[in-house]
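Peer 1: Fold the following and give me the result.
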Amino acid sequence: MTREQNVVEIRTKLSNLRSDVLTSLHRFLSIDRADKTKKRDALLTYQRTATAYFNSAETFVGDSELLGARDSKHWAQGFAEDCFAILESIPQHLELLKTEFNNLGVHDLSSIEPTPTAYANMQRMVCLYLTPEKREGIYHKFKENQLPIYGFEQKAKNFIMVDKLLAFIFGAIFLTAILVIALFVPSPSDFQYNVFRTILALAGAGIGAVIPGFMEVRFQKWLRAGGALAVFAVLYFFSPANLVVQAAAP
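Peer 2: So this is what the prediction gives:
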């Protein structure tokens, strides 16, 4: 399954979860208040479906960069607007739960209290891609309702970029070393050639990790690689220079 298909599948799941939330809410509202047992069960169902929806959206934002979805600014802008709409609904959602649980005589509301870092991914998405007016508006709405604002105030630490930077430095150092050795060992032995090829493949993968875009390599039926691993596979299993010479030969 491609990354695009993964994104479409997850967005379809979110759409279905949203439909479940609306259905459960309509069912709750349609039940007579006199029947407290059915009313409570319907309220718990609504709480469960809404929590699943919010958590899935939050998880999707966290995974979207790994899936490559944020490479498209158009997609990121659109999903940030979806996050904004979800965040806008959360204060009313929590207020409804508090009011209805109190009406049903349930005074322990700890189960509906969000954690201090709840909704942080969606909040960061809004901060990254929407206008300052929208950011400030939803930020103050959360603050006024004493809801978590961690994502509005704390930027995400980009550990992935640190890993890529280290991989690039590693690749550049070893690639330079291979070039220097090639000047002094123009005719390596078979053993030396295999060592050089392995180091060159690792160095190329390190440099390829920071190059934008995506490459996928398939070799027979036992190898399928993408990204930096694809660069490693090409450099290790093939000789790019020989391929160019063969292609140019009459």
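Peer 1: nearest residue to Gln154 other than its sequence neighbours?
Peer 2: Excluding the flanking residues, the one nearest Gln154 by CB to CB, 6 or more residues apart in numbering is Ala120, at 7.3 Å. All C-beta atoms are positioned from the backbone trio N, CA, C, and that covers glycine.
Peer 1: Count the neighbours of that neighbour for me.
Peer 2: 21 (other CB atoms under 10 Å).
Peer 1: ditto for the one 5 residues further on
Peer 2: For Met125, the neighbour count with other CB under 10 Å is 29.
Peer 1: so which helix or strand takes in it?
Peer 2: Per DSSP states H and E: Met125 is located in helix 120-129.
Peer 1: Centre of the chain to that helix, how far?
Peer 2: 12 Å (CA atoms, centre = their mean, to the nearest Å).
Peer 1: Show residues contacting the following helix or strand past it.
Peer 2: Tracing the chain past helix 120-129, the next element assigned as helix or strand by DSSP H and E is helix 132-144. Outside helix 132-144, the residues that touch it by CB atoms under 8 Å, 6 or more residues apart in numbering are 84, 87-88, 90-91, 123, 126-127, 148-149, 152.
Peer 1: again with stretch 112-121
Peer 2: With CB under 8 Å, 6+ apart, stretch 112-121 has contacts from 47, 54, 58-59, 61-62, 87, 90, 94, 97-98, 101, 147-148, 150-151, 154.
Peer 1: pretty sure Tyr236 is touching Ile199, no?
Peer 2: No - applying CB atoms under 8 Å, one finds Tyr236 not in contact with Ile199, separated by 10.2 Å.
Peer 1: shaky segments in this protein?
Peer 2: 1-7, 65-73, 156-164, 209-229, 238-250 (pLDDT under 70).
Peer 1: quick one, strands of it?
Peer 2: Taking DSSP state E as the criterion, the chain carries its strands at 216-219, 223-226.
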